[in-house]
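*Asks:* here is a sequence together with a model predicted from it:
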Amino acid sequence: MKRIKNNKVWQSICLLLMITCTILAFNFTFHFSGIKTLTDYIKLFRFDVLLSAILGGFCLYFYRQFYFQKQAKSNWLRFLAILFALFLIIGYSFEAKGNASLIFGSWFNFGISIIVFIGYYLFFNWLLNSAYNYLASKKLSPKKRKNKVMTFILEKHPFIMPFIIILICWLPYIISFYPGIFSPDPSFQVQQFFGIKTKYSDYSIPLDPKVTITNHHPVAHTFLLGGLAYLGQALGSFNLGIFIY
């Protein structure tokens, strides 16, 4: 009996620490360079009382169920939760400083980052696993009477029929705006393909002065767009090539 009580006490302590880490993670500013005084430490937190209260109650209820009861937990989702937490911490540092100094700038920074990482990980691990378990519990049973039209469209002809339906829906736009609508960027790409110098030619130093294509736009896309325009021109109409694209 004493052992059970001790286990409950230990679980309560762990739960409190987990909730605290999560609240800290969602309230931390990450701007903790140049800490010298107590005021600087206080500035680390932008504590939103309402957010913290709601988040604390939320975690108290769901963390207890998820982490201290036998619920299915996926290792792949744990890994994904780790990635999400890392992306947030590293992203904040690069957003603020342009580097990882808010994480590795000092032992204090690194320690705070570990606490925030744990908080984010606990939350994302619960969130991803709970969503997955909920969806997995929903058994989708087929209806006794299948809709013949939907069966014909989606099961017997899963590609061509949706393609035709989408094409019909877009026909008013295709006809109205023949051969197509171009923003300035693809217009420049077509010019580059045909060897016409554009403003983007001055954005880089070409290896060959005769080359007008730059990687300001994806080169493969420039060749696709320009190639189809060239094909249309060979067939007698530049507009036909743009329409094919």
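*Replies:* Nice, I can see it.
*Asks:* which elements pack onto the helix or strand harbouring residue 91?
*Replies:* Assigned by DSSP states H and E, residue 91 belongs to helix 75-97. Judged by 3 or more CB pairs under 8 Å, 6 or more residues apart in numbering; DSSP states H and E, helix 75-97 is in contact with helix 101-104, helix 107-137. For every residue, glycine as well, the C-beta is placed using N, CA and C.
*Asks:* C-terminal to the last one, what's the next element?
*Replies:* In the C-terminal direction, the helix or strand that comes right after helix 107-137 (DSSP H and E) is helix 148-150.
*Asks:* what's the average pLDDT for that next one?
*Replies:* Averaged across helix 148-150, pLDDT comes to 76.
*Asks:* likewise for stretch 204-221?
*Replies:* Mean predicted lDDT for stretch 204-221 stands at 82.
*Asks:* now do stretch 64-82
*Replies:* 82.
*Asks:* next, the buried residues of it.
*Replies:* 66, 67, 77, 81 (16 or more other CB atoms under 10 Å).
*Asks:* right, and the pair among these with maximum separation?
*Replies:* Across the buried residues of stretch 64-82, no pair lies farther apart than 67 and 77, at 13.8 Å, counting by CB to CB.
*Asks:* one step back: need the helices and strands packed on helix 75-97 in CSV with mean pLDDT, distance to residue 235 and mean neighbour count, can you?
*Replies:* Putting the helices and strands packed on helix 75-97 into CSV (pLDDT from 0 to 100; distance: least, CB to CB, whole Å; neighbours: other CB atoms under 10 Å) gives the following:
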stretch, mean pLDDT, distance to residue 235, mean neighbour count
helix 101-104, 80, 58, 18
helix 107-137, 86, 50, 17
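*Asks:* what's the closest of those helices to residue 195?
*Replies:* So among the helices and strands packed on helix 75-97, helix 101-104 is nearest, using CB to CB, at 46.4 Å.
*Asks:* residue nearest the middle of this structure, spatially speaking?
*Replies:* Residue closest to the average C-alpha location in the chain (CA atoms, centre = their mean): residue 84, at 9.5 Å.
*Asks:* give the contact list for the residue nearest to that one when sequence neighbours are not counted.
*Replies:* Excluding its sequence neighbours, the residue lying closest to residue 84 (CB to CB, 6 or more residues apart in numbering) is residue 124, at 4.6 Å. Applying CB atoms under 8 Å, 6 or more residues apart in numbering to residue 124 gives the contacts 80, 81, 84, 85.
*Asks:* touching, the last one and residue 121? I think so.
*Replies:* Yes - contact between residue 85 and residue 121 holds when scored by CB atoms under 8 Å: they sit 4.4 Å apart.
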